[in-house]
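K.L.:
my questions are about this predicted structure, shown below with the sequence.
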Amino acid sequence: MFKLADLLRKPVNDIAFEIIIPSRPGYGYSEQPHRTGFSAADVARIYVKLMKRLGHNKFFFHGEDWGAIEAHGIAALYPDNIEGIHFGMALADMNLKSTFKMAIGAYFPSLIYPDEFEAKQFESPLKMFTQTLGEMGYFLIQSTKPDTIGASLVDSPAGLAAYVLEKFSTWMNKSFKELPDGGLTKKLNLDELLTNIMIYWQTQTGAYSTRYYKEFSNFIFSGQDISKTYVDRHIPAGFSIGEHEIDVGKLRPKGKYRIVKFDYIKNTGHFSAFENPTEVNEHLRKFVSIVLDEQKEKPKSTEL
C-alpha cells in the first residue's frame, strides 16, 4: 500500500488524504492475538478503536483480499464510523443462484452483464471451476491444519519465499504460471517482492498468518460468517476489481451494498494497489468524489 499512499496524500482537486495503513494483529510488526477464535470481526473492532484513538471517528476504508472482508466487517458492525467502503475484491455470495448466473453469463454474457468489458471477464463454468479448484490448495490446508505449513514458513526462508511468490505470480495473472520465472518482475521488482517476504521472515509471522484462515473457517462453519451480513444502505460502497483477479473475486455483489461505483482495472490482478497504484489512486479518488457529492446534495436538517 505504500506506493498508493504516496499518491493519495498529494492534493488533487482540493482532496488529499491522511493515510493510516495498519497491519492486522499477527501480521507484520503487529502483536499476535493471545486467544483462539480471533476473526475478521475482531480485526474490524480493533481498526475502529485504532482510528478513534487517532482522532478519526468517521473514515473511509479501502481493502483488498482480507482487507475487503474486514472492510465489510467494519461497515456491518460499526456503520456510524464509516463514510464509505471501497473494495479491491468483490464479496459476492457463492450460492446456487450466483453460480447459475455465472454459468449462463459465460455462454450468453449480454443476458447477465450490462457492461461489455465485464462480460468478457468470465469464462466457461468448467474452466472457471478447474482454475478455482487449482488455486484452493493453500486455502484448504490453512483452513484445516495451518500449523503444518506454518512450521515450514518459520523454519526455511527459501520455503517461505516459494510459498509467497507463487501466489504473487499466479494471482497477478493466471497465465504467468506458464512462464519459466513466473512473470514475477512483469509488474513488481525484486526489491518489492523480497521486502514483502522479509517482513514475514523477520517477524516470524508466517505461521500465525496461516492460522487466521482457520479462525475464519470456524466462523463460516458455525454460521457466523460476517461477510454474509448486509450493510446499512446509507453507507456507500465502491469496487475496483483487477481484470485478472481470480473469477470468484470478480463477481458483482447483489443486494448486500448500496453500490455507487463498480469498475474493473485493466491489466491488473489480485494485488491491485501493489501492481498498479496509479490506477487504484484514480479509482479511490473517483469513489470519494462521488460520496462527497452525495453528501453535498443531502438536504440539511433545520432545528426548531
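P.N.:
It's in.
K.L.:
please make it C-alpha for all contacts and neighbour counts, starting now.
P.N.:
Noted.
K.L.:
report how many residues lie close to R285.
P.N.:
18 (other Cα atoms under 10 Å).
K.L.:
in a strand, that's where it is, yeah?
P.N.:
No. Using DSSP: H, G, I helix; E, B strand; the rest coil, the assignment for R285 is helix, not a strand.
K.L.:
which residues does it contact?
P.N.:
Listed by Cα atoms under 8 Å, 6 or more residues apart in numbering, R285 has no contact partners.
K.L.:
per-residue pLDDT, it?
P.N.:
What the model reports as pLDDT for R285 is 96.
K.L.:
excluding chain neighbours, what is closest to T144?
P.N.:
K214 (5.9 Å; Cα to Cα, 6 or more residues apart in numbering).
K.L.:
so who does the residue nearest the centre of the chain touch?
P.N.:
Among the residues of the chain, the one closest to the centroid is E64, at 1.9 Å (Cα atoms, centre = their mean). Contact analysis of E64 by Cα under 8 Å, 6+ apart lists F87, G88, M89, F271, S272.
K.L.:
first-to-last residue distance for stretch 259-270?
P.N.:
From its first residue to its last, stretch 259-270 covers 20 Å (Cα to Cα, to the nearest Å).
K.L.:
how far away from the center of its chain is that stretch?
P.N.:
12 Å (Cα atoms, centre = their mean, to the nearest Å).
K.L.:
may I see the buried residues of that stretch?
P.N.:
I259, K261, F262, D263, Y264, I265, T268, G269, H270 (16 or more other Cα atoms under 10 Å).
K.L.:
equivalent analysis for stretch 164-184, please.
P.N.:
For stretch 164-184, by 16+ other Cα under 10 Å, it's 164-165, 167-174, 176-177, 182-184.
K.L.:
domain parsing for the protein?
P.N.:
Per automatic domain parsing, the domain ranges recorded for the chain read 2-123+225-297, 131-221.
K.L.:
least trustworthy helix or strand in this structure by mean pLDDT?
P.N.:
helix 116-119 (a mean of 60; mean pLDDT, DSSP states H and E).
K.L.:
state the phi and psi torsions of H34.
P.N.:
The phi and psi values for H34, taken as degrees, to the nearest 10, are phi -110, psi 10.
K.L.:
check E245 too.
P.N.:
Dihedral angles (degrees, to the nearest 10) for E245: phi -60, psi 150.
K.L.:
distance check, T36 against L50.
P.N.:
Taking Cα to Cα, one finds T36 at 21 Å from L50.
K.L.:
higher neighbour count, those two?
P.N.:
Neighbour count, other Cα under 10 Å: between T36 and L50, L50 has more, with 15 against 10.
K.L.:
tell me what the one helix or strand L194 maps to is packed against?
P.N.:
Using DSSP states H and E, L194 sits in helix 190-203. Packed against helix 190-203 by the contact rule (3 or more Cα pairs under 8 Å, 6 or more residues apart in numbering; DSSP states H and E) you find helix 157-172.
K.L.:
and the angle for the helix it packs on with helix 190-203?
P.N.:
On the basis of axes from the mean of the first three to the mean of the last three Cα atoms, to 10 degrees, helix 157-172 is oriented at 130 degrees to helix 190-203.
K.L.:
so which elements touch helix 157-172?
P.N.:
Looks like helix 157-172 contacts helix 146-153, helix 190-203 (3+ Cα pairs under 8 Å, 6+ apart).
K.L.:
alpha carbons only: can I get the shortest one in PDB?
P.N.:
Okay, so that is helix 146-153. Only the C-alpha atoms of helix 146-153 are listed here, as PDB (Å, rounded to 0.1, in the frame of the first residue of the first chain):
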ATOM      1  CA  PRO A 146      -2.500 -24.300   9.400                       C
ATOM      2  CA  ASP A 147       0.400 -25.200  11.700                       C
ATOM      3  CA  THR A 148       1.500 -28.000   9.300                       C
ATOM      4  CA  ILE A 149       2.600 -25.500   6.700                       C
ATOM      5  CA  GLY A 150       3.200 -22.800   9.300                       C
ATOM      6  CA  ALA A 151       6.200 -24.700  10.800                       C
ATOM      7  CA  SER A 152       7.800 -24.700   7.300                       C
ATOM      8  CA  LEU A 153       7.200 -21.000   6.900                       C
END
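K.L.:
circling back to that earlier point, now, which of the buried residues of stretch 164-184 sits nearest T205?
P.N.:
V164 (12.6 Å; Cα to Cα).
K.L.:
not counting sequence-adjacent ones, nearest residue to that closest one?
P.N.:
V164 sits nearest to I197 (Cα to Cα, 6+ apart), 7.2 Å away.
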